[in-house]
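Novice: sequence unavailable; structure follows:
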């Protein structure tokens with residue numbers, strides 16, 4: 001069952017790779033989150049009483065001394081793991097701070113790929129053990145962190161490994177929407193008699209030449225449906241707000257397209 005469920009985690013691994021988060025960092029974050037969520041889960045299972053550290057340790061497999069430490073602050077990457085970061089972080093930081101790699105205005109210089117300092121080969125040799133400078137160069141170029149120029153010279157574009165265009169706002173939205181979908185599916189497994197709506201079309205074969213057009217048609221119809229429903233629900237809210245009676249709850253609906 002764990003192997004079956006891991007499919008839900010695969011996109012998260014790709015997200016961490018895009019953000020330059022290493023496996024040790026992700027593991028420490030997951031351990032911290034595991035402990036926090038287990039406390040909430042145990043509270044729901046056994047009423048309002050707060051579970052002990054010993055009970056959380058029993059459920060999670062994390063030693064009770066670490067449980068207490070992890071619960072003392074919000075889930076996060078452990079400080080020791082965060083200080084290590086991506087293996088190439090020290091190389092990039094040195095490029096931004098070592099006087100040999102800075103120009104007259106204090107900005108990182110364009111440097112040759114090979115040769116004595118200041119060069120990329122020298123940077124990689126000083127701050128990364130194991131991979132050859134060529135492997136490091138290709139990986140950082142793929143990540144968009146450095147740019148290869150003419151005459152075998154390179155330019156640094158960022159002091160951290162991560163995909164450009166990703167920011168805190170859109171990552172929060174991604175996390176919130178992913179959480180909603182998984183929670184809906186889990187609710188339907190737990191309580192099939194009180195299912196939340198979650199449905200999809202069966203696979204239908206179409207001509208590849210028509211795929212782009214049909215995607216646009218589906219997007220327009222789905223957008224029109226959501227706008228109409230929002231207008232109807234807004235009208236409903238106004239009617240009941242004017243009466244001022246009854247408890248209120250929140251209702252949301254998300255429509256998304258997935259890869260075949």
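Specialist: Arrived safely, thanks for sending. Just so you know, these numbers come straight off a predicted model, no measurement behind them.
Novice: distance from the chain centre to the strand or helix carrying residue 226, please.
Specialist: Using DSSP states H and E, residue 226 maps to helix 208-243. Put simply, helix 208-243 sits 28 Å off its chain's centre (CA atoms, centre = their mean, to the nearest Å).
Novice: counting by contacts, list what that helix packs against.
Specialist: Using 3 or more CB pairs under 8 Å, 6 or more residues apart in numbering; DSSP states H and E, no helix or strand is in contact with helix 208-243. No exception for glycine: its C-beta is placed from N, CA and C like everyone else's.
Novice: so residue 34 is in which element?
Specialist: Assigned by DSSP H and E, residue 34 falls in helix 23-46.
Novice: buried sites along the helix or strand following that helix?
Specialist: Once helix 23-46 ends, the next helix or strand along the chain (criterion: DSSP H and E) is helix 53-60. By 16 or more other CB atoms under 10 Å, the buried positions in helix 53-60 come out as 53, 55, 56, 57, 59, 60.
Novice: next up, the contacts around the residue nearest to the second one when sequence neighbours are not counted.
Specialist: Translated: residue 55. Counting by CB to CB, 6 or more residues apart in numbering, residue 55 lies nearest to residue 42, which is 6.4 Å off, once chain neighbours are set aside. Neighbour list for residue 42: 51, 55, 56, 59 [criterion: CB atoms under 8 Å, 6 or more residues apart in numbering].
Novice: ok now do the first one, which residues does it touch?
Specialist: Under the criterion of CB under 8 Å, 6+ apart, the contact list for residue 51 reads 39, 42, 43.
Novice: one more pass at 10 Å, please.
Specialist: For residue 51, the contacting residues are 38, 39, 40, 41, 42, 43, 45, 57, 58, 59, 67, by CB atoms under 10 Å, 6 or more residues apart in numbering.
Novice: and the second one, by the same measure?
Specialist: Applying CB under 10 Å, 6+ apart, one finds that residue 55 lies in contact with 38, 39, 42, 46, 64, 67.
Novice: of the residues you listed, buried ones?
Specialist: Neighbour-count burial (16+ other CB under 10 Å) applied to the contacts of residue 55 gives 38, 39, 42, 67.
Novice: which two among those are spaced furthest apart?
Specialist: Largest separation among these by CB to CB: 42 and 67, giving 11.7 Å.
Novice: quick check: neighbours shared by these two?
Specialist: Taking CB under 10 Å, 6+ apart as the criterion, residue 42 and residue 67 both touch 51, 52, 55, 56, 58, 59, 60.
Novice: for this protein, what helix or strand is lowest in average pLDDT?
Specialist: The helix or strand of the chain with the poorest confidence is helix 79-84; it has a mean of 77 (mean pLDDT, DSSP states H and E).
Novice: what residues of the helix or strand following that helix count as buried?
Specialist: Counting by DSSP H and E, the element after helix 79-84 in chain order, helix or strand, is helix 89-97. For helix 89-97, the neighbour count (16+ other CB under 10 Å) marks 89, 91, 92, 94, 95 as buried.
Novice: then stretch 148-156?
Specialist: Within stretch 148-156, the residues that count as buried by 16+ other CB under 10 Å are 154, 156.
Novice: how far out from the middle of the chain is that stretch?
Specialist: With CA atoms, centre = their mean as the basis, stretch 148-156 stands 31 Å off its chain's centre.
Novice: and for stretch 81-97?
Specialist: Chain-centre distance of stretch 81-97: 20 Å, with CA atoms, centre = their mean.
Novice: next up, the contacts around residue 183.
Specialist: Per CB under 10 Å, 6+ apart, neighbours of residue 183: residue 196.
Novice: and it, what element?
Specialist: Using DSSP H and E, residue 183 falls in helix 168-190.
Novice: need the mean per-residue confidence for that helix.
Specialist: Mean pLDDT, computed over helix 168-190, is 91.
Novice: state the pLDDT value of residue 205.
Specialist: 85.
Novice: now it, what's its secondary structure?
Specialist: For residue 205, the assignment made with DSSP: H, G, I helix; E, B strand; the rest coil gives coil.
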